[in-house]
Each structure stands twice: as C-alpha cells, then as structure tokens.
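Student: build me a structure from this.
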Amino acid sequence: MDLIILVFSVFLIILGLSILRNWKVKSPVQNTYSILIACRNEESNLPELFQSLRKIDYPYDKFEIIIVDDASDDDSFRLISNFCTDFKNAKCFRLEEKDTEYFGKKAALKKAADNAIFDFLLFTDADCFPQPDWLKSYNKNISDKTGMVVGNYEEKNASSFRIFSNRISFAIFAGTIGLNCPFSAAGGNLAVRKKAFLEVGGYDKIRHHLAGDDKLLLNLIRKTDWQISYNPESVVQTKAVPDKTSSYHQQKRRYGKFGMSSFGFKIISLLIVLIYLYIPVRFFVFKDWESVLIYFLGTLFFWAMNIAKHKFRFRMIDLIFILIYPYYLIIYSILGTFGTWNWKN
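Tutor: Numbering: from 1, shown residues only. Below you'll find the predicted structure:
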C-alpha cells in the first residue's frame, strides 16, 4: 500500500468528520439583520427576489433590506424603488456610475453597509432567492464570539454534475470551518457581524480585487479573534447560468481564486493537486488497486458525512462524479488563476 495515498485518505476522513461539527448555540437569540444586496442590470430576476424577500418570517423591527443599484442601464432601479416604497423596512440607493476605486460590486455593498443600522450584515445577490426561515436559521449558529457565519446555495434547474459540484463546495466550507481553518464562502448567503466588518476595515483592503469578495472578507476576519461558524440550514437558491459560454467563465471565476488563499493554503492546495495527479499513476502504471481502493473509500466517507450533514439524497451517479470532480476542479482552477474571464457586464 502506498503511504502517500494512505495519509491522504486519512486526511479525507478527518475532513469528513469535521463536517459534522455542530455550531448550534443552546439558547438562540433574535439577532438583528441588515440584508445587503448589490444589483446591476437584474430586472429579469428582481420580481422573484422581491417575492422571496416578502416571505421572510421574522419580526419587522429586527431586520431591514438595503438594495443598491450599481449603475444599471436597464429598468432595475425603477423596480427597486417601487419595492422599497411598498415594503416598509426596505430602502434603496443608486450609484450613477461604476466606481473606479472599489472594483466589482464592492462599491455598492460598501454603500449598503455604510447605511446599515443592525448588528449583522446578511449578504445575498439579486439573482438569489432566500427561504422564509433564512434569518431564523442564522440565529441558531450565532454566539457572542461569532464574527461570520457561512451559508450555502443551490442552483435551480442545474445539471446533475453542477448539483454535485455545489454540494462538494458545501462540504469544503463545512469541513475546513470545522477544523478552524476556513477556506472560502458563498457571497450569496453570508452573515457578518457589523462590528467585525468594521474592525477589518470593510472592503478597504480588498477593494482592487474584481471578484472574491466573500473569500477575501473571510480571510480578513479569520485573522481576528472572531469565530467563523457554518450554517447548513436554509439554503439560498439561485438560477443556473443559461448558456455554456457564461457557465465556462463563471466556473473560471469561481475556482480561480488560488491567489486569494493564504500561503499555507497555497502549499496544501499544491500538494493535493500533486496527489490527485499521482493517484492515476498508481492505478494505471503500478496497478496498485489496494491503494486506490483505500483512497476511494476515504472519499466515500467524506461524501457520506456531507450527505448526513446537509440531509442530501444519495445518488448513484455521485460515485462517478467523486472520481471526476478533482480533475475538473484542477482544470478550472488553472484556467481561472492564469487566464481571464468575463462575468455579466
């Protein structure tokens, strides 16, 4: 049996066990939330967003909704204004042109954060649709020491492989947070204590990055004394990208964040890539079935813990995806890190 593959399989088992870490507090309190949404040319998604926001089941004096139009050139701002007029605890702002200092959507989110009055900033996107129990689910995972809570998402009408790839992201979020070395987060479902956000300077230190607001903000808070926890409940839905070209660029953007990781994570990531390149060599060249079987069992255990944590339904096709996904991840990580990508406008 190959020692390298054995050690890696043990690592997968440990990571799988860490997925099960329970972040729930014994006596949840009704925290207050400012829901922050940046919007740019999202007129087609806004009606469904507004519908989901109206269904939020939480006391009206405990949350607010702040939507910032980021220089849209469609009918977005009119729709946003109408919604905020009808919904008493919603307010909106408009940026007349794209900011040249805060890249991506950071200028819009900064504007929203600057006007937030409640204790927690709860981020989502204009093409995301939260569940009614969204805020209640976060309460269960917030203690006095909590600075950030990472949530997850699912794509509606996505392919089987995209569903799997999203769910493996949940496993990585939950597992690394469970080990107290959080790797990344999903910006469409993320809660940050405003005090922690201000402590790290908000977006000031990361303002020149076009994407990766979620991961970069997590990196900043990880260096403080605040705790980062994980919320496996109340998944936020989003729409799957409709065409292959947009999906290609989206995946490069999503996985091409190698440069945003800490030095330690970069070293670990490179070692994992080398191991995944080494495993086929053991199988095809050395015919080392025993080592590859041990690796596969370790991966199955990791996936089983993810299913148990998030209450997913087991699908036979996931057994194939488990073998394919690492190489899909490596390819898109390389393309996204060293190439260029386009995202919306």
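Student: any stretches of the stretch 201-345 of the chain with poor pLDDT?
Tutor: 343-345 (pLDDT under 70).
Student: again, only using 80
Tutor: Under the criterion pLDDT under 80, the flagged ranges of the stretch 201-345 of the chain are 240-244, 246, 257-259, 341-345.
Student: same question, the stretch 1-150 of the chain
Tutor: 1.
Student: apply 90 and report the result again.
Tutor: 1, 88, 99-100 (pLDDT under 90).
Student: distance of residue 47 from residue 305?
Tutor: 38 Å (C-beta to C-beta, to the nearest Å). In this view, the C-beta of every residue, glycine as well, is placed from N, C-alpha and C.
Student: I meant to write residue 81 there.
Tutor: For residue 81 relative to residue 305 (C-beta to C-beta), the value is 46 Å.
Student: same thing with residue 93?
Tutor: From residue 93 to residue 305 the distance is 43 Å (C-beta to C-beta).
Student: of the two, which one has the most company?
Tutor: residue 305 (22 against 17; other C-beta atoms under 10 Å).
Student: which residue packs closest to the more buried one, ignoring adjacent ones?
Tutor: Distances taken as C-beta to C-beta, 6 or more residues apart in numbering place residue 16 nearest to residue 305, at 3.8 Å, with adjacent residues excluded.
Student: that neighbour and residue 301 touch, don't they?
Tutor: Yes. Shown here, residue 16 and residue 301 form a contact pair, counting by C-beta atoms under 8 Å, at 5.1 Å.
Student: the two - which one has more neighbours?
Tutor: Ranked by neighbour count (other C-beta under 10 Å), residue 16 and residue 301 place residue 16 first, with 24 against 16.
Student: mind checking the SS state of residue 228?
Tutor: strand (DSSP: H, G, I helix; E, B strand; the rest coil).
Student: mind listing what it touches?
Tutor: Counting by C-beta atoms under 8 Å, 6 or more residues apart in numbering, residue 228 makes contact with 146-150, 177, 182, 218, 221-222.
Student: give me the subset of those residues that lies in helices.
Tutor: Counting by DSSP state H, the contacts of residue 228 place 177, 218, 221-222 in helices.
Student: now, the most widely separated pair of those?
Tutor: Based on C-beta to C-beta, the longest span within the ones in helices among the contacts of residue 228 runs between 177 and 221 and measures 11.8 Å.
Student: more crowded one of the two?
Tutor: Between residue 177 and residue 221, counting by other C-beta under 10 Å, residue 177 is the more crowded of the two (26 against 21).
Student: which residues does the spatially closest residue to that one that is not a sequence neighbour bridge with?
Tutor: Nearest non-adjacent residue to residue 177, counting by C-beta to C-beta, 6+ apart: residue 230, 4.6 Å away. Beta bridges link residue 230 to residue 150 when assigned by DSSP bridges.
Student: wait, doesn't residue 230 sit right on residue 172?
Tutor: No. Residue 230 sits out of contact with residue 172 when judged by C-beta under 8 Å, with a separation of 10.9 Å.
Student: end to end, how far does stretch 310-318 reach?
Tutor: End-to-end distance for stretch 310-318, by C-alpha to C-alpha, to the nearest Å: 15 Å.
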